[in-house]
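> Structure for the following, please:
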Amino acid sequence: MKVGEELAPLEVAVTRTLIVAGAIASRDYQDVHHDAELAQQKGSPDIFMNILTTNGLVGRYVTDRFGPSAVLQKVAIRLGTPNYPGDTMVLSGTVTALGDDGTAEVTIVGANGLGRHVTGKVTVSLPEGSA
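Here you go, the predicted model:
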């Protein structure tokens, strides 16, 4: 691995089930994440993914790349366009730094049909021999 290396993209189908299950799993019971009618009353065209689900998907993306021994040290993300049901989010990443302490910093982008859903940086501790 080297600075500038691009990670293989990951396509995530954004389904109603994923949105609702992610909200429930993270105990986010805001109606905009499970009730389309109430979401529309609040100005959204449909339910949309919560940040905790996005955060989990970003973490999965990085650990899938570096293996089950990799440990997320820091995840700093910012949301952009919503993830609505029926769309696909494509996560991509680039290694932006390698630390002497066995860590890597990865810049992450998750894009959907509306634009960038998530951007951020992840710092991960790497298992020996993976760098």
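> wait, D87 sits on L114?
Yes - here D87 reaches L114: they are 7.4 Å apart, a contact under CB atoms under 8 Å. (C-beta placed from N, C-alpha, C; glycine too.)
> quick one: which of those two has more around it?
Using other CB atoms under 10 Å, the more surrounded residue of D87 and L114 is D87, with 20 against 12.
> What residues does that one make contact with?
Applying CB atoms under 8 Å, 6 or more residues apart in numbering, we find D87 in contact with 14, 112-114.
> export the residues you listed to TSV and tack on distance to D28 and pLDDT?
Below are the contacts of D87 laid out as TSV (distance: CB to CB, whole Å; pLDDT from 0 to 100):
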residue	distance to D28	pLDDT
V14	16	98
N112	20	98
G113	23	97
L114	21	98
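> Can you tell me which of those is nearest G4?
Within the contacts of D87, the smallest distance to G4 is 25.3 Å, found for N112 (CB to CB).
> Return the lengthiest helix in the chain as CSV; C-alpha atoms alone will do.
Assignment by DSSP state H gives helix 51-66 as the longest helix of the chain. Extracted in CSV, the C-alpha atoms of helix 51-66 (Å, rounded to 0.1, in the frame of the first residue of the first chain):
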residue,chain,number,x,y,z
ILE,A,51,-25.9,9.4,9.5
LEU,A,52,-25.2,6.4,11.8
THR,A,53,-26.0,4.0,9.0
THR,A,54,-23.8,5.9,6.6
ASN,A,55,-21.0,5.9,9.3
GLY,A,56,-21.3,2.1,9.6
LEU,A,57,-21.1,1.6,5.8
VAL,A,58,-18.0,3.8,5.7
GLY,A,59,-16.4,1.7,8.4
ARG,A,60,-17.4,-1.5,6.6
TYR,A,61,-15.9,-0.2,3.4
VAL,A,62,-12.5,0.4,5.1
THR,A,63,-12.4,-2.8,7.2
ASP,A,64,-13.4,-4.9,4.1
ARG,A,65,-10.4,-3.5,2.3
PHE,A,66,-7.9,-3.9,5.2
